Structure formats: structure tokens, C-alpha cells
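**Q** Just need the structure, nothing else, for what follows:
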Amino acid sequence: MNKLLGAALVAASVVSISTTDALSADKVRWKVPIAFGSNLPALGDNILYVAEKVKEASNGAVQFKVFEPGKLVPPFQISDAVKDKKLPAGYTWLGYDQGKYSWTPLLAAVPFGLEPWEYTAWWYHGGGRQVAEKTFSKLNIHPILCGVIGPETAGWFRKEINSLDDLKGLKMRFAGLGGKVMQKLGVSVTVLPGGEIFQALEKGAIDATEFSLPIVDQLLGFNKVAKHNYFPGWHQPFTAEHLIVNKEIWEDLEPHQRSLIDLACTAGVTNNMAKGEAIQGAVMEKFPEHGVTAHKLPADMLAQLKKVTDEVLAEEAAKDEDFKAIYESQKSFLKTYRNWKGMAYLPRDFE
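**A** The predicted structure is shown next:
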């Protein structure tokens, strides 16, 4: 009996050790720096939702520790840190890498481009994910779409803008491909992280700025200095954010771990888009209380901006094969999609 009991205890011990080792090996603990503060609704807080869901769904086996902008690396250096395996992952807006890789803004925001649901359709079912993964693999990065929100405002200005000539000579914070359009129009463009914009605007280092959704811009205080807010956000009809993972680290994960992270990010896309749309109207309703005037850019100005945008996109595509491949993929998708969109949806002027 004692021998049998001893054998059973040894067997149980072996099973216990094996199970513990397996659970330990199954754990994922990633430090995840973010480009936008998690205090910013829709723009910055979506990663907290994703981190919570992945932890719950994995029963704690997969966890992301989120680090605010600048705590681990500056916002504009997240991709480099992931590429070089200094960090396993990051949550960022890929347009910030435009200076190093000209094609990245196409995955983040395209002037006069895809709308949020169109971008999402292109990514999941129109070849977007495949072309993004192929291009990013050259940088040792695996990109996962993890958040999408609607249009930004077209900018905050101290004075009214009645024609594109009024833009000439302005110093303006402007990111992405839209910034190249503004440069062609005579604007002195600078790119600043969100946390530095208000101070630059207040001190007069810049005359105007674009950044994000009305609720985000208000929290950052732009309405205290610039009282003219323009719409629509021609330069950024969608804003996409991605969880970028070091490719080697991604490939070392178990299949179920990769699936879990993918699913959490897909849930993040849905939650992000819904939240972003739900909370803007109430903010704009109170613009008059803050002395802010919301302006709509007239059709002739939008047509001129579209013309310059087409020039910029053609120039960038001619210079870079990766840019061209992604841009052509988006254009091809839109051409087919519009067969449906043009017939199925109510016209914009129908109320």
C-alpha cells in the first residue's frame, strides 16, 4: 500500500510540475507603448479595452502592460523599437513613420480616401491585411488592425479661412499625407505629438492645428485658443491604429495565442468605431458655449484640395513601389465597392 501511495504521489507531482511548466510557457507578458494618451476617448483609450478583453479571454495567460506616450519610447519611435526587438509590441498610428517609410500613412489615413467602414472592409476582405503584412515583413513587423475611428476635423484656426490663399504662410501642425498637401499650398508644416500641440498653439509657435475628433481636440484645449473649427476632415476620413508586433516574437507564439490577440483586436475595431461615432455630437452641440464656430469647407475649396491631393498621391506612388502597391490595392477595392455603395445607400443630401 505504501509503495502504491508513494508511486501515486510521485505521479501526481510529475503531472503538477508538467502542468505548471505548461502554464508558465503559455503566458504572454508584453510591454506595449502607445502613441496617444489613454485619457483620450476613442483615440487613446481603445488599447485599454483590447488589453482587458485579451486578459479576460485568456484567463490571465495573455496580458499587455500599457505604457503612456514617452514612458518607454517617444511616440514617433514605437515602430523602430518593435522592429529592433527592443519591445515586443506597440499600439500606434502608422502615419508617424512617414518620414522613414513613405507608404505607412496609407494604412493610417488617406486624404479623400476610404471611410472607416470601407477601410475595415478593405483590410479584412479586400486584400488590405495581406498587402500590409507583406510590406511590413521587410521591417520584421507584424501589423494587426486594432482600432478605427471616424474623420478628424479639418483644423482649428484663429481666423476664418475663406479661400486656400488664406492658408499661405500659416504655421500649422499637420501630420500624414495631408501635411504634404498643405505644404504644396504654402503652409509651413510641423508634426508634433498630441501632448505638445496646445502649448505650441498658445505660445504662437503654430497658427493652427489639426489633430483628432472634436472630443479629443477639446480635451487638449484647442478651443481655448483657436475659435474656428473646420469640417469635413478631408485629409483624414478614417483614422486606423494598429497593434504592431515584432515578427519573430509573433511567430514564436502558439496558434491559439495569435488567434486570441487577433480576436481581441477585431473586437477593438468594432468598439472603437462605435464609441467614436457615439460621442462627438454632444461635444459639437456645446461649441457655442465655448465661443467656437463650426465651419463647413465649401465645395470649390474641397475640389481644389482634392486636385492637389491627387498630385501628391501620384508623386508618392511614382517614387516608391511599396506605396504604389498599397495605393493601387485601395483604389482597386474602391472601384468595385462603389458599384454597391452608389446604388445601395441614401444620398448624402437626403434627410
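**Q** How much space separates Glu152 from Phe174?
**A** For Glu152, the distance to Phe174 equals 11 Å [CB to CB, to the nearest Å]. Every C-beta, even on glycine, is put in place using the N, C-alpha and C of the backbone.
**Q** where does this protein have low pLDDT?
**A** For the chain, applying pLDDT under 70 flags the ranges 1-25, 350-351.
**Q** can I see the domain layout of it?
**A** Domain assignment of the chain by automatic domain parsing yields the ranges 28-149+237-278, 155-235+294-342.
**Q** hey, where'd the strands end up in the stretch 1-150 of the chain?
**A** 28-33, 62-67, 89-92, 141-149 (DSSP state E, counting those that start in this stretch).
**Q** Quickly list what the residue nearest the centre of the chain is bridged to.
**A** Closest to where the C-alpha atoms of the chain average out (CA atoms, centre = their mean) is Glu241, at 2.3 Å. Under DSSP bridges, the beta-bridge partners of Glu241 are Gly147.
**Q** How much space separates it from Ala200?
**A** 23 Å.
**Q** Which parts of this structure are helices?
**A** In the chain, the helices defined using DSSP state H lie at 2-25, 46-57, 78-83, 116-125, 128-136, 177-184, 194-203, 214-219, 247-252, 255-278, 280-285, 299-319, 321-344.
**Q** ok, and the closest non-adjacent residue to Lys159?
**A** Leaving out its chain neighbours, the residue that sits closest to Lys159 by CB to CB, 6 or more residues apart in numbering is His228, at 6.7 Å.
**Q** Show the contacting residues for that neighbour.
**A** By CB atoms under 8 Å, 6 or more residues apart in numbering, His228 lies in contact with Trp156, Phe157, Arg158, Lys159, Glu160, Ile161, Val292, Thr293, His295.
**Q** Looking at those, state which has the most neighbours.
**A** Within the contacts of His228, most neighbours by other CB atoms under 10 Å means Trp156, with 26 neighbours.
**Q** Quick check: bridge partners of it?
**A** Bridge pairing for Trp156 - DSSP bridges - gives Thr209, Asn229.
**Q** is it true that it touches Asn229?
**A** Yes - between Trp156 and Asn229 a contact is recorded at 5.5 Å, counting by CB atoms under 8 Å.
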